Structure formats: structure tokens, C-alpha cells
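Peer 1: Turn this into a structure:
(one chain, ligands or ions: 1)
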Amino acid sequence: MKICSCYEVSKSELVKAIRKQMLESIVDVQVVTKASTGCGRCKPVVLEILKREVDKRSDKNTQLRLPF
Ligand code: FES
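Peer 2: Predicted structure coming up:
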């Protein structure tokens, strides 16, 4: 499913880049994938995907810090 039609970036490409390269901001995602650097229409969706992945990452880190 294409999220960014300007640069033909799919949801799976975004998720893969965010996870693999530990991206944390919209600028990181823009530099790596180019998504959201054209018309900007996809920006809210790209931000939502980024937020979900960063939240998942911090959930995992919280679990790792538990002493048991
Ligand atoms: S649809 Fe992503 S920048 Fe235009």
C-alpha cells in the first residue's frame, strides 16, 4: 500500500526504514525515504506510522528495564 504517492513509498518501506535505522523524527524519515518531501499530503499518515513504531520501541525498552 503506497503511503506517499509523490515518491512511491509504501507502508512496509516506511516501517522497515524506521525499525532498521532507528529513525526518531519526521526529518529522519524524510531524509531516508523521501516520503513527505513532495506535496506533503502524506505527512499526517507518515507521522502516525512513525509515532506507532517509536512507541513500540519505547515499550520494548521499558520491558527490558524491569528487574525480573
Ligand atoms: S504524497 Fe507524500 S509528499 Fe506527496
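Peer 1: Which elements pack onto the longest helix along the chain?
Peer 2: Ranked by residue count, the top helix of the chain under DSSP state H comes out as helix 43-65. Where contact means 3 or more C-beta pairs under 8 Å, 6 or more residues apart in numbering; DSSP states H and E, helix 43-65 is packed against strand 2-4, helix 11-20, helix 26-33. The way it works is simple: take the backbone N, C-alpha and C, and place the C-beta from them, glycine included.
Peer 1: most packed of these?
Peer 2: Most buried of those by mean neighbour count (mean count of other C-beta atoms under 10 Å) is strand 2-4; its value is a mean of 20.
Peer 1: pLDDT below threshold where in this protein?
Peer 2: Across the chain, residues meeting the criterion (pLDDT under 70) sit at 64-68.
Peer 1: roughly how far apart are residue 49 and the ligand?
Peer 2: 12 Å (C-beta to the nearest ligand atom, to the nearest Å).
Peer 1: Count the neighbours of that residue for me.
Peer 2: 18 (other C-beta atoms under 10 Å).
Peer 1: need the contact list for residue 44.
Peer 2: Contact analysis of residue 44 by C-beta atoms under 8 Å, 6 or more residues apart in numbering lists nothing.
Peer 1: residues from this structure in reach of the ligand?
Peer 2: 4, 5, 6, 35, 36, 37, 38, 39, 40, 41, 42 (C-beta under 6 Å from any ligand atom).
Peer 1: Out of these, which two sit at the greatest distance?
Peer 2: Spanning the widest gap among those are 5 and 37, at 12.5 Å by C-beta to C-beta.
Peer 1: of the two, who's got more company?
Peer 2: Set side by side, residue 5 and residue 37 show more neighbours around residue 37, with 17 against 12, by other C-beta under 10 Å.
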